[in-house]
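Novice: Okay, predicted coordinates and the sequence, questions at the end:
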Amino acid sequence: MSTTNIETSTPAKRSTPPTIGTHNGTFHCDEVVACFMLKQLPEYENSEIFRSRDDKALREKCDIIVDVGSEFDHAKKWYDHHQLTFKDTFNTLRPEFKEKFDIRLSSAGLIYCYYGERVIQSILQRERNVQLSPENLKLAFLQIYRNFISELDAIDNGVPMFEGGEPRYKISTHLSARIGKLNPSWQDSNSDTDQRFHKAMDIAGKELVENVIEVACSWIAARDHVRRALEQAKTIHSSGEILLLDTFCPWKAHLFDLETEYKLEGVPKLIIFNDGSSWRVAGVPVTPSSYLGRKFLPTPWRGLRDEELSKVAGIQDLVFVHHTGFIGGAKTKEAALAMAQKSIEFTEE
């Protein structure tokens, strides 16, 4: 095990191209992504990739070695995870983060733990000419591990997805399988495996870049919208149980995280948002993926539409309430606010 010393500064570019070492033969998604991430950094962007299982040749020739060599030593820049002594997880290398990521790292996870923040900033600078604030960089770093890198770690280490009823990790890309298929078939003895490795880097790298951009430019912006709605909830209703999103965005997972951060678990009951043409009032589910709600719209309104609904509810400009009560619609923001406020104050018989 190596002590954690996260790379935060950018080393000077070398006068001669450095060399990244990894194993030859069949390649896997973890070292493909590890090599791609390293090549996003200024000190390795022009690097050559040397593929071999000759430890002596790798150590003589390479500036950094991933997924081969049977040794993990950050000081020497050797990042293998196959040895029996290797037990590290995201939690052990980045204990400052409180998330429970306890899956044994692959070479992708190892490189990400040490260089991930710089990789994210480098990609965003190149692709969007933006840099994240320190706080948003932490959020992006965690989210990209959660929905991209952890899957590669788990699959490469043969971690079963289920232990009992709850999944330990979630398949979101099936990238490992697609990268694996780029290896030559058992019948193909004339393929250039190194060429296929570089093709795999292009494919896996494109997905990583797209993930970084989505998290940094969309996911974090959505979180900020939900944060503001939670902070302003008591201006909508004194109970703090109604949230208002003037612009729709994915909100469920963010809300549950932010409730914990603000110590408001379970308080929000309804959320109002504009769907582009009208307004919606939706019940907050008991979990992000649940169909059960903390509070639904009143039973007497359910299944009604338009004038009939407006008459029963005593609110003009209502459009519908779903027959289960989990969501309703209104023509105006004012009508949606009234719908939510009456729902919060309604007592089911």
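Specialist: Yep, that arrived.
Novice: ranges for the helices of the stretch 201-349 of the chain?
Specialist: 220-231, 233-236, 252-262, 306-313, 333-345 (DSSP state H, counting those that start in this stretch).
Novice: what's the angle from the last one to helix 306-313?
Specialist: An angle of 40 degrees separates the directions of helix 333-345 and helix 306-313 when computed by axes from the mean of the first three to the mean of the last three Cα atoms, to 10 degrees.
Novice: Return the list of helices and strands in contact with helix 333-345.
Specialist: Contact partners of helix 333-345 among helices and strands, from 3 or more Cβ pairs under 8 Å, 6 or more residues apart in numbering; DSSP states H and E: strand 242-245, strand 270-274, strand 279-283, strand 327-330. C-beta coordinates here come from the backbone N, C-alpha and C atoms, glycine included.
Novice: Pairing partners for the first one, with directions?
Specialist: Read it as strand 242-245. Using DSSP bridges, the strands paired with strand 242-245 in its sheet are strand 270-274 (parallel).
Novice: And the contacts of the partner strand?
Specialist: 229, 236, 241-248, 251, 255, 279-284, 295, 333, 336-337, 340, 343-344 (Cβ atoms under 8 Å, 6 or more residues apart in numbering).
Novice: one step back: wait, which of the helices of the stretch 201-349 of the chain is closest to Arg51?
Specialist: helix 220-231 (36.4 Å; Cβ to Cβ).
Novice: returning to that earlier point: any chance of the helices and strands packed on helix 333-345 in CSV, plus distance to Leu93, mean pLDDT and mean neighbour count?
Specialist: As requested, the helices and strands packed on helix 333-345 are exported to CSV (distance: least, Cβ to Cβ, whole Å; pLDDT from 0 to 100; neighbours: other Cβ atoms under 10 Å):
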stretch, distance to Leu93, mean pLDDT, mean neighbour count
strand 242-245, 36, 97, 22
strand 270-274, 37, 97, 22
strand 279-283, 39, 97, 23
strand 327-330, 43, 97, 24
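Novice: Please work out which of the helices of the stretch 201-349 of the chain is packed deepest.
Specialist: Across those, averaging neighbours per residue (mean count of other Cβ atoms under 10 Å) puts helix 333-345 on top, at a mean of 20.
Novice: what angle do it and strand 279-283 make?
Specialist: 20 degrees.
Novice: to the chain's geometric centre, what's the distance from helix 333-345?
Specialist: How far helix 333-345 lies from its chain's middle: 34 Å, per Cα atoms, centre = their mean, to the nearest Å.
Novice: can you list the residues that contact that helix?
Specialist: Residues contacting helix 333-345 (Cβ under 8 Å, 6+ apart): 236-237, 239, 241-242, 244, 269-270, 272, 274, 279-281, 295-298, 313-318, 328, 330.
Novice: Quick one: the helices and strands packed on helix 333-345 as JSON lines, columns for distance to Tyr262 too.
Specialist: As requested, those are exported to JSON lines (distance: least, Cβ to Cβ, whole Å):
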{"stretch": "strand 242-245", "distance to Tyr262": "12"}
{"stretch": "strand 270-274", "distance to Tyr262": "15"}
{"stretch": "strand 279-283", "distance to Tyr262": "20"}
{"stretch": "strand 327-330", "distance to Tyr262": "25"}
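Novice: wait, which of the helices of the stretch 201-349 of the chain is closest to Ala140?
Specialist: Short answer: helix 220-231, nearest of the helices of the stretch 201-349 of the chain by Cβ to Cβ, at 6.4 Å.
Novice: what is the mean pLDDT for the closest one?
Specialist: Averaged over helix 220-231, pLDDT sits at 96.
Novice: what helices or strands is it leaning on?
Specialist: Packing partners of helix 220-231 (3+ Cβ pairs under 8 Å, 6+ apart): helix 134-144, strand 242-245, helix 252-262.
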